[in-house]
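Student: Got a predicted model here, sequence first, then my questions.
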Amino acid sequence: MSRIGKIPIKIADGVKVDIKKDLVTVSSSKGEMIFPLKEGIDVIEENGQIIVSRKDDTKEQKAFHGLTRSIINNNIIGLSQGFKKELQIIGTGYSAEVIGPWVKLSVGFAHEILLQIPETLNVVAELIPRREQGALGVQAEIKIEGYNKELVGKFAAEIKRCRPPLNYATGKGIRYKGEYIKIKPGKSAATE
């Protein structure tokens, strides 16, 4: 048995799980997520829990057993509690702003970057006042919330990719909140 796949999933309050032959639909007041099942993977509901099992012990079935359990669990957590990612923007003159369905980033280029926010996500950008910037010099913070874990992580990575943190000298750029960036010394002048 897969170590992850054999763990039963508790159905959270306010979440409804509908299991059909090859589809698992998880819904709540926040939204609905549908996951198609691979052949050989069985999902049943028993005593307020979801149990995932597999037909045989082939390598592919073992992999899909754990994957299916993880995705269904993430769908239940997302539709009950939600997922959240926080980004910090560090650098002089760097800023972020939410304008309608867009995030506008000013991160040291001659132009501003506009990224469209996916419909199911809630994005908030806050500028940090100069007196509260702290030792890192955080200029702005972006908070991304949603019930789809994959979409939240993908959009956060898309924002970070616009200006990854620099390893040399300053460490400025966009990073996840709490992420540690090892600052390397720059090249030193040759001594004679």
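Tutor: That came through, no problem. The structure displayed is predicted, hence computed values, not measured ones.
Student: what about this structure, any weak spots by pLDDT?
Tutor: 1-2, 130-136, 169, 186-192 (pLDDT under 70).
Student: Which residue ranges of it form strands?
Tutor: 9-10, 16-19, 23-27, 32-36, 41-46, 49-54, 83-90, 95-99, 102-106, 113-116, 122-127, 138-146, 173-176 (DSSP state E).
Student: which residues are contacting the third one?
Tutor: The list of residues contacting strand 23-27 from outside it, by Cβ atoms under 8 Å, 6 or more residues apart in numbering, reads 15-19, 32-37, 43, 72, 75-76, 79. (Each C-beta comes from the backbone N, C-alpha and C, glycine too.)
Student: likewise the second one?
Tutor: Strand 16-19 is contacted from outside by 11, 24-28, 43-45, 50, 72, 76, using Cβ under 8 Å, 6+ apart.
Student: Among the contacts of strand 23-27, which one has the most neighbours?
Tutor: residue 75 (25 neighbours; other Cβ atoms under 10 Å).
Student: Please tell me how far that one sits from residue 17.
Tutor: With the distance defined as Cβ to Cβ, to the nearest Å, residue 75 ends up 9 Å from residue 17.
Student: same thing with residue 4?
Tutor: Taking Cβ to Cβ, one finds residue 4 at 18 Å from residue 17.
Student: Tell me which residue is most central in the protein.
Tutor: residue 153 (2.2 Å; Cα atoms, centre = their mean).
Student: what's across from the nearest residue to that one once chain neighbours are set aside in the sheet?
Tutor: Leaving aside its sequence neighbours, residue 153 sits nearest to residue 85 (Cβ to Cβ, 6 or more residues apart in numbering; 6.5 Å). Residue 85 has these beta-bridge partners by DSSP bridges: residue 144.
Student: Please name the residues that touch residue 85.
Tutor: 143-144, 152-153, 156, 176.
Student: Give me the buried subset of these.
Tutor: Neighbour-count burial (16 or more other Cβ atoms under 10 Å) applied to the contacts of residue 85 gives 144, 152, 156.
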